[in-house]
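**Q** Below: sequence and its predicted model.
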Amino acid sequence: MKNKAFTAICLTALLTLSCAVPNQVLATENKPKEGLPGRRTGGGTRGECSSNAGKLMALVPENNLALTQQAYPNILFYIPQTSKPITMEFVLQDDSRNSVYEKTFTKNGSDTKTDSGEIINLSLLDSTSLPPLITGKTYHWYLSIICDPENRASDIVVHGWIQRVAVDPNLARKVEQASLLERANLYAKAGLWQDALATLAELRYSQPRDSKLAASWTELLQSEKLDAIAQETFLNIKIQKDR
């Protein structure tokens, strides 16, 4: 707990450039103590792309349960580099295990000899068929790398949960008047780690060379033990849109 508190304070200091004001210290008391079964790092059976199983990663809280105030939230993933194009599938299910959204897309391969992949920002707002998430409902999502279309048991899969929570009127007023950097801090203080991450990611995309934002990004990921991705080169966020 001490390490969590220290990380939280450091993140707020980076976001606000000062931790001298008490109400700017990141609050963590609203973070859900219990989570749900999930998998943040890739897993699957043997297949031609099984070497990338441990490199696929979902940027979500350690307890696999992300809280959001957004009707159409963003979920971020780290996708490993591959020499050939790969097909990926995202599925969102409601609390009755009914699929409410499915999307298949292709990630291009690369000839460069580097271990770096890329971060994609899968925005549910870009769906033309998904209704807004229902407040208080918990949704289960899956992201799969399809290694063999004829044998889906060989998929590399990460999965987790997202729940839309009621909007706090006081927080909403503050967010409306805040800059993106201030919004990330407000969301983090409110325990909305997923919204803080998406907001900070937007800033990182628009200002990739800002060292303070890079440090804030690293601290936020480390606060949920995503150290394996925290030090990776931050590449362009690709918004995957419906067509």
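**A** Cool, got the structure.

**Q** how close does the residue nearest to residue 164 when sequence neighbours are not counted sit to residue 223?
**A** Leaving aside its chain neighbours, residue 164 sits nearest to residue 133 (4.2 Å; criterion: C-beta to C-beta, 6 or more residues apart in numbering). No exception for glycine: its C-beta is placed from N, CA and C like everyone else's. As judged by C-beta to C-beta, to the nearest Å, residue 133 and residue 223 stand 24 Å apart.

**Q** Then residue 96?
**A** 33 Å.

**Q** and these two? which has more neighbours close in?
**A** Neighbour count, other C-beta atoms under 10 Å: between residue 96 and residue 223, residue 223 has more, with 24 against 7.

**Q** pLDDT wise, what is that one at?
**A** Per-residue pLDDT puts residue 223 at 88.

**Q** again with the one 4 residues further on
**A** Taken from the predicted model, the pLDDT recorded for residue 227 is 78.

**Q** What of residue 132?
**A** Residue 132 carries a pLDDT value of 93.

**Q** Kindly report the same for residue 83.
**A** Residue 83 carries a pLDDT value of 76.

**Q** let's have the chain start at 22 instead
**A** Okay, residue one is now 22; in that scheme the one you just asked about reads as residue 104.

**Q** Now for this protein, the helix or strand with the poorest mean pLDDT.
**A** None of the helices or strands of the chain scores lower by mean pLDDT, DSSP states H and E than helix 23-37, at a mean of 40.

**Q** Using CSV, list the CA coordinates for the helix or strand that that one is followed by.
**A** Next helix or strand after helix 23-37 toward the C-terminus (DSSP states H and E): strand 60-64. Extracted in CSV, the C-alpha atoms of strand 60-64 (Å, rounded to 0.1, in the frame of the first residue of the first chain):
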residue,chain,number,x,y,z
ARG,A,60,-5.9,-11.9,-18.6
ARG,A,61,-3.9,-8.7,-19.2
THR,A,62,-1.0,-10.5,-21.1
GLY,A,63,-1.5,-12.7,-24.1
GLY,A,64,-2.2,-16.4,-23.8
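
**Q** Check what contacts the very next helix or strand once past strand 60-64 and list those residues.
**A** Next helix or strand after strand 60-64 toward the C-terminus (DSSP H and E): strand 78-80. Contacting residues not belonging to strand 78-80 are listed as 60-63, 96-99, 140, 164, 179-181, 218, 242, 247, 249-250 [C-beta atoms under 8 Å, 6 or more residues apart in numbering].
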